[in-house]
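K.L.:
got a sequence here, can you model it:
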Amino acid sequence: MKVLNVKEIQSETLLMLKDLDALCNELGLKYFIAYGSLIGAVRHKGFIPWDDDIDIWMPRDDFNKLLDYDLNQKVGYTKYKICTRKNTSNYAYGMARFSNQNFKYVSTDVSEKDVDMGLFIDIYPLDNYCSTKENAYKLHKKFNVLNKKYFFYI
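P.N.:
Now for the predicted structure:
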């Protein structure tokens with residue numbers, strides 16, 4: 001099996017993003033480039049040189065529609081899978097991943113179990129977004145506390 005370098009991973013995930021964009025346009029789903037992918041697009045006019053994935057936000061309703069969509073019904077999409085805790089063994093992540101199954105994901109983290117997800121685009125559901133700065137700060141504070149509680153729980 002060929003091991004991809006970071007540039008090859010970036011090239012392949014960019015092709016995946018084009019396919020995901022076409023699917024989202026066809027289904028009328030909104031998404032936004034986020035996190036390191038957004039920083040890379042602005043600061044580096046592409047990827048952050050060491051970044052090995054793409055991150056997007058998707059409003060919850062659109063996120064749920066994407067999770068419910070059967071990729072096998074679209075020509076050329078059978079290589080893709082939307083990985084979640086419900087449909088992927090050993091999947092420990094809270095977000096979904098649009099995954100190209102033609103590749104094998106190999107973690108460098110020895111504590112991580114084998115996960116069948118290939119190359120991926122992280123899809124974060126966008127919940128409770130606010131129309132005012134004050135409400136956004138209140139919501140951020142609330143979820144920051146909840147995240148800390150969850151961290152201590154696990």
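
K.L.:
quick check: the gap between Leu20 and Tyr31.
P.N.:
8 Å (CB to CB, to the nearest Å). Where C-beta positions appear, they are placed from N, C-alpha and C, glycine not excepted.

K.L.:
so what sits against both of those two?
P.N.:
Common contact partners of Leu20 and Tyr31 (CB atoms under 8 Å, 6 or more residues apart in numbering): Ile56.

K.L.:
in three-state terms, label the residue nearest to the spatial centre of the chain for me.
P.N.:
When CA atoms, centre = their mean is applied to the chain, the residue found nearest the centroid is Asp122 (1.0 Å). Secondary structure state of Asp122, per DSSP: H, G, I helix; E, B strand; the rest coil, is strand.

K.L.:
just say helix, strand or coil for the closest residue to it other than its chain neighbours.
P.N.:
Take Asp122 and drop its neighbours on the chain: the residue closest to it by CB to CB, 6 or more residues apart in numbering is Asp55, 4.6 Å away. The three-state label given to Asp55 by three-state DSSP is strand.

K.L.:
for Asp55, give me its contacts.
P.N.:
Counting by CB under 8 Å, 6+ apart, Asp55 makes contact with Ile33, Ala34, Tyr35, Gly36, Ser37, Leu38, Ile121, Asp122, Tyr124.

K.L.:
what pLDDT does the model give the third one?
P.N.:
Read it as Tyr35. Per-residue confidence (pLDDT) for Tyr35: 92.
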